[in-house]
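[1] Got a sequence here, can you build the structure:
(one chain, ligands or ions: 1)
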Amino acid sequence: MNFEPLLSAAWQVRENAHAPYSRFSVGAALLAEDGRIFTGCNVENLSFGLTVCAERAAVFAAVAAGAKRFRALAVVSDSREPVSPCGACRQVLAEFCEELPIRTTNLQGEEFEACLSVLLPRARAGILGA
Ligand code: THU
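    Numbering: from 1, shown residues only. Next up, the predicted model:
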C-alpha cells in the first residue's frame with residue numbers, strides 16, 4: 001500500500017481544521033475502492049461534545065459522495081506521538097470495512113500503523129445479531 005498520496009492529502013486538509021478549543025488540528029484522508037480520496041478535518045464546537053474528528057468527517061464526505069468501500073486511511077496530527085483514531089471513529093469506520101489499513105503520522109514523520117480489526121476487534125458482534 002502506497003500511503004504517500006493519502007498522507008499528503010491528510011497533511012493538506014489538516015490546514016482547514018477548526019480547533020480553537022484544543023488547538024490540536026488533525027487531517028484525515030480515506031482512499032475509496034474506486035480510487036477517489038476523501039478528506040476530513042476535525043471540527044470543534046463551543047459545545048465541546050459536538051466536535052467531529054477528522055476521521056469521521058472523511059467517512060461522512062465519502063458516503064455523501066457515494067463511496068462506501070475503502071482501501072486505506074491516513075491521519076496527520078501535530079502530536080508528540082502519532083495519534084490513533086478514537087473509539088467513536090473506529091466504530092464508524094467499522095460500519096464500512098473490517099480490514100482497513102490505517103497509517104497515522106505526526107509532523108516529524110513518526111508513524112503508527114495498524115489494521116482497523118486490531119484497533120476494534122469484534123466491532124459488529126452482539127449488535128442486533130449482525
Ligand atoms: N481528534 C481527531 O480529529 N482525530 C483523532 O484521531 C484524535 C483526536 C480531534 C478531536 C478534537 O478536536 C481534538 O483532536 C482533540 O482531541
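
[2] And Ala10, which helix or strand is it part of?
    Here Ala10, judged by DSSP states H and E, is contained in helix 4-14.

[3] That helix close to the ligand?
    No: for helix 4-14, no contact with the ligand is found by CB under 6 Å from any ligand atom; the gap never falls below 9.4 Å. Every C-beta, even on glycine, is put in place using the N, C-alpha and C of the backbone.

[4] Quick check: mean pLDDT of that helix?
    Mean pLDDT, helix 4-14: 98.

[5] Likewise for stretch 95-108?
    On average, stretch 95-108 scores 96.

[6] residues making contact with that stretch?
    1, 3, 6-7, 59, 63, 68-85, 93, 111-117, 119, 123 (CB atoms under 8 Å, 6 or more residues apart in numbering).

[7] now with 6 Å?
    1, 3, 68, 70, 72-76, 78-79, 82-83, 111-117 (CB atoms under 6 Å, 6 or more residues apart in numbering).

[8] circling back: helices and strands around the helix holding Ala10, which ones?
    Contacts defined by 3 or more CB pairs under 6 Å, 6 or more residues apart in numbering; DSSP states H and E place helix 4-14 against strand 26-32, strand 37-41, strand 70-77.

[9] do the first one and the ligand meet?
    Yes: judged by CB under 6 Å from any ligand atom, strand 26-32 comes into contact with the ligand at Val26.
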